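Participant: here you go, sequence then predicted model.
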Amino acid sequence: MLSHILRKGVLSSNSSTLIRRYASTNGQQTVLVVLYEGGEAGKKNKNILGCVENALGLREWIKENKLDNRLKLVVTSDKQGENSLAEKTLPEASVVISQPFWPCYLDQTRIDKAKKLKLAITAGVGSDHVNLEAACKRGITVAEVSGSNVVSVAEHVVMQILALVRNFIPAYNQVVNGEWDIAKIADKAYDLENKHVGTVAAGRIGLRVLQRLKPFDVHLHYYDKFRLDKSIEKELNVTYHSSVESLAKVCDVVTINCPLHPETEHMFDKKMLSLMKKGSYIVNTARGKIMDRDALVDAIKSNHIEGYAGDVWYPQPAAKDHPWRSMPRHAMTPHYSGTTLDAQARYAAGVREILGNWLNERPQREEYLIVDKGKVVSRAYTEGDATKGHSEKK
């Protein structure tokens, strides 16, 4: 049962096939693609598909399928402010392709400006950078490449749990700095075995986190709006909690694996953090805005929370003076958990599939759709707007 569910979430990277005919749209359609800069690495490594230089393989795909007269591709990393290329291109864009790692926030103002917008594609997983409520009202389809990042992110979660519990970052820094103080490191280093570890959400990623943690002989816990099949609970020996609060009170490590939407925005606020066990750890690879930024800093500085790790910030990219960069006992990274080279191959293929289906008026995979025909159709999301505040430094 478990192996069947795990396989369902894995996307094949072989979904880019020649598209024989395009009957749906007339004239040239502008596709705005907002990606991060690849720099020297992107120029040298064509497998870094998620960068501007390699553009998800779309340039080659358009040429291969003789779509130059159908699609006008505008690829940029310039996304902030009224004078950005993204902002200037929005009024003519029929499609906007963005990604969680360098999101082009489609808030109410931008959606109002994008009069021709029909489709918003997330190159990866997580469409909270789109105002879903506004997309519903405008009839804009929102799609993402569900399943493309699940293995990548689950592995990142396990890595960061171990980095925190084993006190890896300070130990590494000792080596770099020419130090050798074993007691100072051991003072905060523990075994993961026999600890209570819980996931907030047990969907495609959360379930894989549980599966990967089971061999560590930990006590597993989970909260989700949709309870797992009892056979899976038995197989993983995992305890279900009917609320996040219940889980937070008993776990030594809490990993957050739920989407960002109005119900989860600032879920981990001062009150929730106070419910957690003193000396516990948090790993958040979901979305930065699920945390109350300043409440977390206070909880770390007061030693109530022993450590925090993750790769998600709000907004992104994170400001140079973002307080999480300098708070003690963290193991943060830039947002890259879901953009390994393996994941990029999967989500680039998925983007091309979604775009091809749209051009050819073919139905999209059900699991890819977030908003369709004026409704939020994914059970992972709720209608609303999680884009507020993206232009602020905070």
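Facilitator: Yep, that arrived. Residues are numbered from 1 along each chain as shown.

Participant: quick check: longest helix of this structure.
Facilitator: For the chain, the helix that runs over the most residues, judged by DSSP state H, is helix 341-359.

Participant: next SSE after the lowest-mean-pLDDT helix or strand in the chain?
Facilitator: One helix or strand of the chain scores below all others by mean pLDDT, DSSP states H and E: helix 2-8, with a mean of 44. On the C-terminal side of helix 2-8, the closest following helix or strand by DSSP states H and E is strand 29-34.

Participant: return the following helix or strand past that next one as CSV; C-alpha atoms alone will do.
Facilitator: On the C-terminal side of strand 29-34, the closest following helix or strand by DSSP H and E is helix 39-44. Taking Å, rounded to 0.1, in the frame of the first residue of the first chain, the C-alpha atoms of helix 39-44 are listed here in CSV:
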residue,chain,number,x,y,z
GLY,A,39,25.9,32.5,-13.7
GLU,A,40,28.9,30.6,-14.6
ALA,A,41,27.4,27.3,-13.3
GLY,A,42,24.4,27.7,-15.5
LYS,A,43,26.5,28.4,-18.6
LYS,A,44,28.7,25.4,-18.0
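
Participant: pLDDT on helix 39-44, on average?
Facilitator: When pLDDT is averaged along helix 39-44, the result is 97.

Participant: mind listing what's buried in that helix?
Facilitator: For helix 39-44, burial by neighbour count (16 or more other Cβ atoms under 10 Å) applies to Gly42. (Each C-beta comes from the backbone N, C-alpha and C, glycine too.)

Participant: with just CA atoms, put the longest helix of the chain into PDB.
Facilitator: Output in PDB follows, covering the C-alpha atoms of helix 341-359 (Å, rounded to 0.1, in the frame of the first residue of the first chain):
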ATOM      1  CA  LEU A 341      19.500  18.400 -10.800                       C
ATOM      2  CA  ASP A 342      17.200  15.400 -10.600                       C
ATOM      3  CA  ALA A 343      14.300  17.500  -9.600                       C
ATOM      4  CA  GLN A 344      15.000  20.100 -12.300                       C
ATOM      5  CA  ALA A 345      14.800  17.400 -15.000                       C
ATOM      6  CA  ARG A 346      11.400  16.400 -13.600                       C
ATOM      7  CA  TYR A 347       9.800  19.900 -13.200                       C
ATOM      8  CA  ALA A 348      11.200  21.200 -16.500                       C
ATOM      9  CA  ALA A 349       9.600  18.200 -18.300                       C
ATOM     10  CA  GLY A 350       6.400  18.900 -16.400                       C
ATOM     11  CA  VAL A 351       6.300  22.500 -17.400                       C
ATOM     12  CA  ARG A 352       6.700  21.600 -21.100                       C
ATOM     13  CA  GLU A 353       3.900  19.100 -20.700                       C
ATOM     14  CA  ILE A 354       1.500  21.600 -19.100                       C
ATOM     15  CA  LEU A 355       2.300  24.300 -21.700                       C
ATOM     16  CA  GLY A 356       1.900  21.800 -24.600                       C
ATOM     17  CA  ASN A 357      -1.500  20.600 -23.200                       C
ATOM     18  CA  TRP A 358      -2.700  24.200 -22.900                       C
ATOM     19  CA  LEU A 359      -1.700  25.000 -26.500                       C
END
